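Student: coords below, sequence missing:
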């Protein structure tokens, strides 16, 4: 076995960890994009086959009002977080804190709106191909969006709490806020693009 | 890149007492919480599912799948809770600053809980994947026992299908993690001159998810089994009993683990390379891990989405795969094989990496065509996304698509052929040392060649019509996966285990293992090409009586193959437990970076981050420096045994 002698490794610099977050966020965004590609494929595949003429049952009409509201909150949260990111500094800037809080509130609103939309649907999962894709796409999007909520929250909470001695074994943790926020922006925009696709396919395409 | 002057802080962390370790987060609590999580979530699922009556399910499922699926997800949450995977994310939610320090100590407990030392995680992976490999192998023995009779005798048809499904799924999923888990996690950081993986907690998470996936899959036997084989075809998956839920959740866990391990390895290679470790000096094994990781990151999410769709069909009664309600079973085929064929290369590429890494060491020659090998691996990775529909030749796809996919499938043999060229070019006029790892590598080429050539028959539409669904296909993929990956993995284990464990592995027993495995592998699987051509179908325990003698012969050979694996297991016990001999730092006289550091490897890998000054395959250049360790000075190729 390897010689584990209790040695504590000196912390790495924030630039290395920042690079990890930056590259990792992009790769994660790629994986997320491929995940939703499966639903986009399912949409077109089932729509083209239209087996038993049941892809779109007559009563399956996703409520466009809720769709617009969700899309607006997703994009709003992403844009506000990006704008706040320009004022991030070391995390103490009041405009950054306000913007990230607003972004977090909007992100939580997405989850709430999605739940409300489910309660107002006129169809269920068993009502054909489109209904299945709609519920599958939106539910998994909600799961990934919760990840975004968590990410925004941790950055916001860390900047609120500030750097405390002894909390971290990483030197200069405030230097990590910027790459973490950058990674979050990449993730938010990826989900934003996914949501635009979802809106067009599920609400607009007839 | 990492700073070259990063020092080591030698202050000792306080080691918790035995009681403290026992009461802390570890696998014991993980099992307990997983059981509690299952019970609670199953109860909750029962309440939720009460409104969705089973008789309304268009797929005809007669189980409360919501309760079972939620129960399995509850067990995942409990498992992670018991291991302490929620601690750090919760701290981060409360605004605590990032930290890398968790679970790094010298106690034996580190092997039973979340640990951020990549070498510990790799050893955990090795034990776990070997355990499930042997369980799946035991299933294979049961299958061959059943096939000694031309009629079902030992197992009813349904149980036989479950046995085949368990064997296939466990082998595929565990072998996906079989190289990238133990060898990838252990070797990649050291080979590139890093002290750790980029995301150590995620690294540990992938390991523990893989372990859980294995046990969740085994739980299918308690839930009525599953009839679909490893491919989980719809609509059978929609209609199957609850055992399929275990298959779905297990495969989902493996998919998540594959994505995460892929991201981790890619980020590590991109950001944590030591100074001087340019892309042109990257060991070929690391390139194999990079290409494998790209496949894992892009293919596994599609599988996860497809698995979600089946779960949705089975629980909330969606109709993704039900053609009478606007869905299509072929949608599963498309999505599954979009993952499934790259999955074949997720298994094969690490094998390429291992053999190309080992060949130059025992040929004492530089790797021939380094850049060609890298191009070949990237070619295979890219092409693997363009061939998946050859699995659907017999499933009623548009006939006009067949020539394109036949062409792309046959085209993929070109980058694969480059790997063979690299191997043979390296061996050309070499003074070969026939050590155990080298024997396994040479066998890899022999087996994979047969696997590759038989694959041409399956890529060709006209011959695929005859061979599809027969034992010919079964023989083909066993030649590529077992003959390729498993032989390469064995070579890798014999080659790197002395460095990983600090003890030598008995070479005499190793050679006995190799020859028995090689001979009986070929005697088991080569006759199955004939069985397939004679019309013996897969996944059916009854067959034409005229094939009985052939099957009895194959079964006896398979038992001998199983025996060879016991020799391997016995060798590990003998060498690592009963008759330990300390391994030297560089017993193979390799130039690669992992062999230039002490054995056993310190937890911090390098006292100072090294500066790489030469390529790892410059054999025959005695004066060329390999690496500069700062205070320890440069290690030249001569010292590395050039």
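Tutor: Looks like it came in fine. Keep in mind the model is a prediction, meaning the values are calculated, not measured.
Student: And residue B:162, how far from chain A?
Tutor: 27 Å (C-beta to the nearest C-beta, to the nearest Å). Using the backbone N, CA and C atoms, a C-beta is placed for each residue, glycine as well.
Student: residue contacts, that residue?
Tutor: B:220, B:221, B:225, B:226, B:227, B:243 (C-beta atoms under 8 Å, 6 or more residues apart in numbering or on different chains).
Student: can you give me how far stretch A:82-101 is from the chain middle?
Tutor: Distance of stretch A:82-101 from its chain centroid, counting by C-alpha atoms, centre = their mean, to the nearest Å, is 19 Å.
Student: Show me the contact partners of it.
Tutor: Residues contacting stretch A:82-101 (C-beta under 8 Å, 6+ apart): A:80-81, A:102-103, A:152, A:155-156, A:158-160, A:162, A:174, A:177-178, A:181-182, A:185, A:188-189.
Student: 6 Å instead?
Tutor: For stretch A:82-101, the external contacting residues (C-beta atoms under 6 Å, 6 or more residues apart in numbering or on different chains) are A:80, A:156, A:159, A:174, A:177, A:178, A:181, A:185.
Student: Now that residue B:309 has come up, it's in contact with residue B:320, right?
Tutor: Yes - shown here, residue B:309 and residue B:320 form a contact pair, counting by C-beta atoms under 6 Å, at 4.2 Å.
Student: among the contacts of stretch A:82-101, which two are most distant?
Tutor: Using C-beta to C-beta, the two most remote members of these are A:80 and A:174, lying 21.5 Å apart.
Student: can you pull the pLDDT of residue 82?
Tutor: With no chain named, the answer covers chain A. As predicted, residue A:82 sits at a pLDDT of 95.
Student: nope, chain B please
Tutor: At residue B:82, pLDDT is 96.
Student: Which strands or helices does the helix or strand containing it pack on?
Tutor: Secondary-structure element containing residue B:82, defined by DSSP states H and E: helix B:65-83. Packing partners of helix B:65-83 (3 or more C-beta pairs under 6 Å, 6 or more residues apart in numbering or on different chains; DSSP states H and E): helix B:27-49, helix B:243-271, helix B:284-315.
Student: In TSV: those, plus distance to residue A:197 and mean neighbour count.
Tutor: Converted to TSV, these look like this (distance: least, C-beta to C-beta, whole Å; neighbours: other C-beta atoms under 10 Å in any protein chain shown):
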stretch	distance to residue A:197	mean neighbour count
helix B:27-49	30	18
helix B:243-271	20	26
helix B:284-315	14	26
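Student: Looking at these, which is nearest to chain A?
Tutor: helix B:284-315 (3.4 Å; C-beta to the nearest C-beta).
Student: quick one, the closest one and helix B:27-49 angle?
Tutor: 30 degrees (axes from the mean of the first three to the mean of the last three C-alpha atoms, to 10 degrees).
Student: Which strands and helices lie in contact with helix B:284-315?
Tutor: Secondary-structure packing of helix B:284-315 (3+ C-beta pairs under 6 Å, 6+ apart): helix A:14-49, helix B:65-83, helix B:185-191, helix B:243-271, helix B:329-363, helix B:370-383.
Student: Could you rerun that using 7 Å?
Tutor: helix A:14-49, helix A:129-161, helix B:65-83, helix B:185-191, helix B:236-239, helix B:243-271, helix B:329-363, helix B:370-383 (3 or more C-beta pairs under 7 Å, 6 or more residues apart in numbering or on different chains; DSSP states H and E).
Student: and the shortest one, how far out from the chain's middle?
Tutor: In other words, helix B:236-239. So, by C-alpha atoms, centre = their mean, the centroid of helix B:236-239 is 27 Å from its chain's centroid.
Student: any low-confidence regions in chain A?
Tutor: For chain A, applying pLDDT under 70 flags the ranges A:1-11, A:163-172.
Student: more crowded one of residue A:80 and residue A:174?
Tutor: Taking other C-beta atoms under 10 Å in any protein chain shown, residue A:80 and residue A:174 do not tie; residue A:80 has more neighbours (21 against 17).
Student: The more buried one: what's it in contact with?
Tutor: When contacts are counted by C-beta atoms under 7 Å, 6 or more residues apart in numbering or on different chains, residue A:80 touches A:99, A:102, A:103, A:106.
Student: Ok, residue B:416 next?
Tutor: B:380, B:452.
Student: what about it, which SS state?
Tutor: helix (DSSP: H, G, I helix; E, B strand; the rest coil).
Student: now swap in residue B:106 and tell me
Tutor: What three-state DSSP gives for residue B:106 is coil.
Student: try residue B:607
Tutor: Three-state call for residue B:607 (three-state DSSP): coil.
Student: residues near it, how many?
Tutor: Around residue B:607 there are 18 residues (other C-beta under 10 Å).
Student: Residue A:49 too?
Tutor: The burial count for residue A:49: 16, using other C-beta under 10 Å.
Student: Check residue A:143 too.
Tutor: Residue A:143, neighbours per other C-beta under 10 Å, totals 10.
Student: again, but for residue A:160
Tutor: When neighbours are defined as other C-beta under 10 Å, residue A:160 has 13 of them.
Student: Would you show me how to pick out the buried ones of the contacts of residue B:162 in ChimeraX?
Tutor: Listed next is the ChimeraX selection for buried residues among these, using 16 or more other C-beta atoms under 10 Å in any protein chain shown:
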select /B:220,225,226,227,243
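Student: So which of the contacts of residue B:162 are in helices?
Tutor: residue B:243 (DSSP state H).
Student: Out of the contacts of stretch A:82-101, which sit inside helices?
Tutor: Per DSSP H, the subset of the contacts of stretch A:82-101 in helices is A:80, A:156, A:159, A:177, A:178, A:181, A:185.
Student: that older thread, figure out which of the helices and strands packed on helix B:65-83 is closest to residue B:445.
Tutor: In terms of C-beta to C-beta, the element of these nearest to residue B:445 is helix B:284-315, at 15.3 Å.
Student: what angle do that closest one and helix B:370-383 make?
Tutor: Using the same axes, to 10 degrees: helix B:284-315 against helix B:370-383 is 10 degrees.
Student: How far off centre is helix B:284-315?
Tutor: Distance of helix B:284-315 from its chain centroid, counting by C-alpha atoms, centre = their mean, is 12 Å.
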